[in-house]
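Trainee: Give me a 3D structure for the following:
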Amino acid sequence: MIDATAIVHPDAILESNVTIGPYSIIGENVSIGADSVIGSHVVINGPTKIGPNNKIFHFCSIGEDPQDKKYIKEKNSTLEIGAGNTIREYVSINRGTNDGGGKTIIGDNNWIMAYVHVAHDCVVGNDAVFANNVTLAGHVIIDDFVILGGFTGVHQFCRVGRYSFSAISSVIVKDVPPYVLVSGNSAKPSGLNREGLKRHGFDSETINILRKAYKAIYRDGLILKDALNVLSDLATESDKVEVMRAFIASSQRGIVR
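Mentor: Next up, the predicted model:
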């Protein structure tokens, strides 16, 4: 299952049924889970742990040194990738740094399209979709079920909440609350991600309650403190609103508004 032209470090760990394509390089302190497929001309450096059932396409750079001038070959610079991810051509994912806890993390079942860059110390949840040329700066947090449109850029230390959506070429410089659709440079709220919520099984009653929450934050002219009070009341009707309220209340960078 390992092409004759591939180079695999003797200390690398390959579990059962791993495929390594032509001219790929698997470095020291790399482990790859069962049934994963690594395409041709892929470079994976460690320390990197990749779970089972991942498919990494040609010409990817996985687990390379972080693009951070403060990085000085730190021993706790690692990358962890979960299970069931699809990582398309020319994707680059860097390891973490001391300042970010030493770890970049990719969860499970993510769809990461061509030319995406995930910088050091990012944390990506599960079931996210990154369209072509999405770029995450360092220390970005992407929650579950996020969709980022092509050429979206996310500023360092931003957080993007679950079930949110960015339009093509969005530039995100503040936190994006859960369930919200954003667009533009710099990104501004463009409504509730209703279509995405429907596709993920949110019923009409829950969506209507979330629309009230969105209106309180963005349409009623309230200061954020008063809008959060409204969300506290609405949270008694749906725990999904509490997710939104807690996200906004804990934001360190401020939210798109």
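Trainee: report the longest helix in this protein, please.
Mentor: Identified as the longest helix of the chain according to DSSP state H is helix 204-218.
Trainee: ok, residue 67 - contacts?
Mentor: Residues near residue 67 by C-beta atoms under 8 Å, 6 or more residues apart in numbering: 94, 119-120. From N, CA and C alone the C-beta is placed, and that goes for glycine too.
Trainee: just the residues you listed now: which is nearest residue 177?
Mentor: Proximity of these to residue 177 (C-beta to C-beta) peaks at residue 119, which lies at 22.5 Å.
Trainee: Which residue comes closest to that closest one once chain neighbours are left out?
Mentor: On the basis of C-beta to C-beta, 6 or more residues apart in numbering, the spatially nearest residue to residue 119 that is not a chain neighbour turns out to be residue 138, at 4.4 Å.
Trainee: and that neighbour, which of the three is it?
Mentor: Of the three states, residue 138 takes coil under DSSP: H, G, I helix; E, B strand; the rest coil.
Trainee: Next, count neighbours for it.
Mentor: By other C-beta atoms under 10 Å, 21 other residues sit near residue 138.
Trainee: Also the one 5 residues further on?
Mentor: Neighbourhood size, residue 143 [other C-beta under 10 Å]: 21.
Trainee: Next, work out how far apart it and residue 13 are.
Mentor: Applying C-beta to C-beta, to the nearest Å, the value for residue 143 to residue 13 is 30 Å.
Trainee: residues in contact with residue 257?
Mentor: By C-beta under 8 Å, 6+ apart, the neighbours of residue 257 are 174, 188-189, 217-218, 224.
Trainee: 7 Å instead, please
Mentor: Neighbour list for residue 257: 189, 218 [criterion: C-beta atoms under 7 Å, 6 or more residues apart in numbering].
Trainee: how much space between it and residue 214?
Mentor: Residue 257 is 12 Å from residue 214, where distance means C-beta to C-beta.
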